[in-house]
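Novice: missing the sequence, but the structure's below:
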């Protein structure tokens, strides 16, 4: 959903032969998972009756963007421990991470998520900007471990199976000031393959 659907603005006193820039902002909200195409079209026109546009063919431009709407997930970095210390020295420790299976509304997630659908080979863990840019640490064993992991209180284990993954934190692009680690990847669904994304707190110690 794009808000607002349309917008009109007036650029006053445009001199002949001058370059004038107008800017606008829209809010794009994801309503369903997957890739969606959004096209923005801008049209300019004269407003004064005495003005004549000699080249009307160049008054409209469009730009198209593809938005990948990721499903929010809850991740527990180093389940069972607190704080989530990440050691970047000597190549980084092999940090475990659990993607939790959740119901709709649990931990504030809008959709239910079955962590057993995570495709481990697509998962990347690390600094937020790094993983959103396509980088980050890959799963060490290239596979998912389905087990009853700890919830965020680090004490409770509910009855559903979660996806435990392992990453070499030194490959995640972390810096000394980072306070969160993020995970991105793909999961399978009867409707197709979609992106998931979630972050959790970390403490960088080396």
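Specialist: Arrived safely. A quick note: this is a predicted structure, and the numbers were derived from the prediction, not measured.

Novice: rest of the way, CA atoms for contacts and neighbours
Specialist: Noted.

Novice: Select the helix or strand of the protein having the lowest average pLDDT value.
Specialist: For the chain, counting by mean pLDDT, DSSP states H and E, strand 85-86 ranks last in confidence among helices and strands (a mean of 83).

Novice: where in this protein is pLDDT low?
Specialist: Judged by pLDDT under 70, the chain has its weakly predicted residues at 89-93, 206.

Novice: Swap in 80 and give it another go.
Specialist: 12-14, 16, 82, 88-93, 206 (pLDDT under 80).

Novice: how far out from the middle of the chain is stretch 176-186?
Specialist: The chain centre lies 11 Å from the centre of stretch 176-186; the measure is CA atoms, centre = their mean, to the nearest Å.

Novice: Can you list the buried residues in it?
Specialist: Of the residues in stretch 176-186, 180, 181, 182, 183, 184, 185, 186 count as buried by neighbour count, 16 or more other CA atoms under 10 Å.

Novice: Just these: which are in strands?
Specialist: Counted as lying in strands by DSSP state E, out of these, are 180, 181, 182, 183, 184, 185, 186.

Novice: Make CSV out of those and add distance to residue 23.
Specialist: Shown next, in CSV, are those (distance: CA to CA, whole Å):
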residue, distance to residue 23
180, 33
181, 34
182, 32
183, 33
184, 32
185, 34
186, 35
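
Novice: can you name the two of those that are farthest apart?
Specialist: Spanning the widest gap among these are 180 and 186, at 20.4 Å by CA to CA.

Novice: How many neighbouring residues does residue 146 have?
Specialist: Residues lying near residue 146 (other CA atoms under 10 Å) number 18.

Novice: Ok, residue 76 next?
Specialist: Residue 76 sits with 24 neighbouring residues when counted by other CA under 10 Å.

Novice: right, and the secondary structure at the residue lying farthest from the centre of the chain would be what?
Specialist: Distance from the centre of the chain peaks at residue 50, with 49.7 Å (CA atoms, centre = their mean). Classification of residue 50 using DSSP: H, G, I helix; E, B strand; the rest coil returns coil.
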